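Chemist: Here you go, sequence then predicted model.
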Amino acid sequence: MNNEQVAPETKGVTVKLLATVDLGPEIEGMAGRQLRMRMVTIEAGGVFGPIHDHKDRPGIVHILQGTITDHREGVAAEYGPGVGWSEDRNTLHWLENRGTLPAVEVSVDIVRQE
């Protein structure tokens with residue numbers, strides 16, 4: 001069993017919806033989808049888990065402050081302020097904040113409207 005399969009459950013995470021755009025009227029073939037922007041804060045020692053995928057939900061992440069560790073394919077990669085990572089149909093991961101201060105990211109993705 002690898003590190004990803006035993007990813008802990010979410011703890012110490014706050015998600016704030018910043019904006020959405022209904023893509024149906026904007027782009028042909030995108031009915032029922034929206035562009036979504038969220039601010040995610042992971043407290044020190046916090047985890048955004050368990051392991052999850054991004055099939056049918058591509059996105060990109062920008063780190064505003066702190067350091068976030070992205071776990072995928074048995075590799076832990078640390079991202080500090082600036083461009084973080086992309087999330088595509090092959091992404092299978094979980095996140096954690098190993099630091100002593102809150103880490104804040106802005107996540108932009110395309111999702112099915114709820």
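Modeler: Done, it's in. Numbers count the residues shown, from 1 in each chain.
Chemist: And for stretch 46-54, what's in contact with it?
Modeler: 4-5, 7-13, 40, 42, 71, 87-89, 91-97, 103, 109 (CB atoms under 8 Å, 6 or more residues apart in numbering). The way it works is simple: take the backbone N, C-alpha and C, and place the C-beta from them, glycine included.
Chemist: Sitting in strands, which of these do you find?
Modeler: Assigned to strands by DSSP state E, the following of these qualify: 11-13, 40, 42, 71, 87, 92-96, 103, 109.
Chemist: for the chain, which spans come out with low pLDDT?
Modeler: Low-confidence segments of the chain, defined by pLDDT under 70: 1-7.
Chemist: ranges for the helices of it?
Modeler: Here the chain has no helices by DSSP state H.
Chemist: Val13: how many residues sit nearby?
Modeler: 16 (other CB atoms under 10 Å).
Chemist: Which of the ones in strands among the contacts of stretch 46-54 lies at the shortest distance from Leu23?
Modeler: Asp109 (11.6 Å; CB to CB).
Chemist: The residue nearest to that closest one when sequence neighbours are not counted and Val111: what is the separation?
Modeler: Spatial nearest neighbour of Asp109, excluding adjacent residues (CB to CB, 6 or more residues apart in numbering): Gly59 at 3.0 Å. Counting by CB to CB, to the nearest Å, the gap from Gly59 to Val111 is 9 Å.
Chemist: likewise Arg98?
Modeler: Taking CB to CB, one finds Arg98 at 28 Å from Val111.
Chemist: How about Met30?
Modeler: 11 Å.
Chemist: Comparing the two, which residue is more hemmed in?
Modeler: Val111 (17 against 14).
Chemist: Run a quick check on the more buried one versus Arg57, I expect a contact.
Modeler: Yes - counting by CB atoms under 8 Å, Val111 touches Arg57, with 5.5 Å between them.
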